[in-house]
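I need the structure of the sequence given here:
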Amino acid sequence: MLAPVARAWTVARFGAALGCGLLLAGPLAGCGGTKTVTKTVTVVGTVPNGGATSVSEALGREARVEAPVREEPVFYGTYALVVGVGALVVLVPGAPLVPILFITQAINAVLLLPLLAFIALLTRDRSLMGEYATGRAWTVVIVAVTLMIAAATIVLGVVLLGG
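Numbering: from 1, shown residues only. As a prediction, this is how the structure comes out:
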């Protein structure tokens, strides 16, 4: 009965701690304003959480933010690893941050393509989706979007590799 309240409280405490840390780190690093801090809070909270959740669930573990570290070591370990690697890369003196951003987005796009194909197959399966299964029109839209992402990924790869 109190689980939703406890979950909300845990998430709020984590968010407040993260936000305070970033608000204090922003001025120290010379970042220019609250928009940068807001974007940083969004990225720091979303990207590692999604990756940690995916890894935990792929290994058959329930990814619960409200659980103690001892109960969810895979989730918190993955979260710490992703945040730590990201921080180390950014803190390397003279690291080319803009090219790093482009490369990571290219990797994201390449990894997205097979996922979109599997999602398209799953959404067409009437035994799985029932009345919500996609028809021909939506399948055409999904294929078109996937092809556009593939084309944009190829163009980005050519630009990055070809100079």
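
what about residue 62, which SS state?
coil (DSSP: H, G, I helix; E, B strand; the rest coil).

Show me which residues of stretch 112-129 are buried.
The neighbour-count check on stretch 112-129 (16 or more other Cβ atoms under 10 Å) flags 116, 120, 123-124 as buried. No exception for glycine: its C-beta is placed from N, CA and C like everyone else's.

Which single one of those is nearest to residue 142?
Using Cβ to Cβ, residue 120 comes nearest to residue 142 of the buried residues of stretch 112-129, at 4.6 Å.

outside of stretch 130-138, which residues touch it?
120, 123-126, 142 (Cβ atoms under 8 Å, 6 or more residues apart in numbering).

Quick one: mean pLDDT for the helix or strand harbouring residue 141?
With elements taken from DSSP states H and E, the one containing residue 141 is helix 136-162. Rounded to a whole number, the mean pLDDT of helix 136-162 is 86.

got it, and stretch 119-131?
90.

returning to that earlier point: check the contacts of stretch 130-138 and tell me the two furthest apart.
It's 126 and 142 that sit farthest apart of the contacts of stretch 130-138, by Cβ to Cβ, at 15.9 Å.

sec struct for residue 70, please.
Residue 70 is classified as coil under three-state DSSP.

Tell me the confidence at it?
Residue 70 is given a pLDDT of 90.

Likewise for residue 2?
Residue 2 is given a pLDDT of 47.

mind listing what's buried in the helix or strand harbouring residue 81?
Counting by DSSP H and E, the element that carries residue 81 is helix 73-91. Buried positions in helix 73-91, judged by neighbour count with 16+ other Cβ under 10 Å: 74-76, 78-79, 82-83, 86.

Format the residues you listed as CSV; extra columns: pLDDT.
Formatted as CSV, the buried residues of helix 73-91 follow (pLDDT from 0 to 100):
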residue, pLDDT
74, 90
75, 88
76, 89
78, 89
79, 88
82, 86
83, 87
86, 83
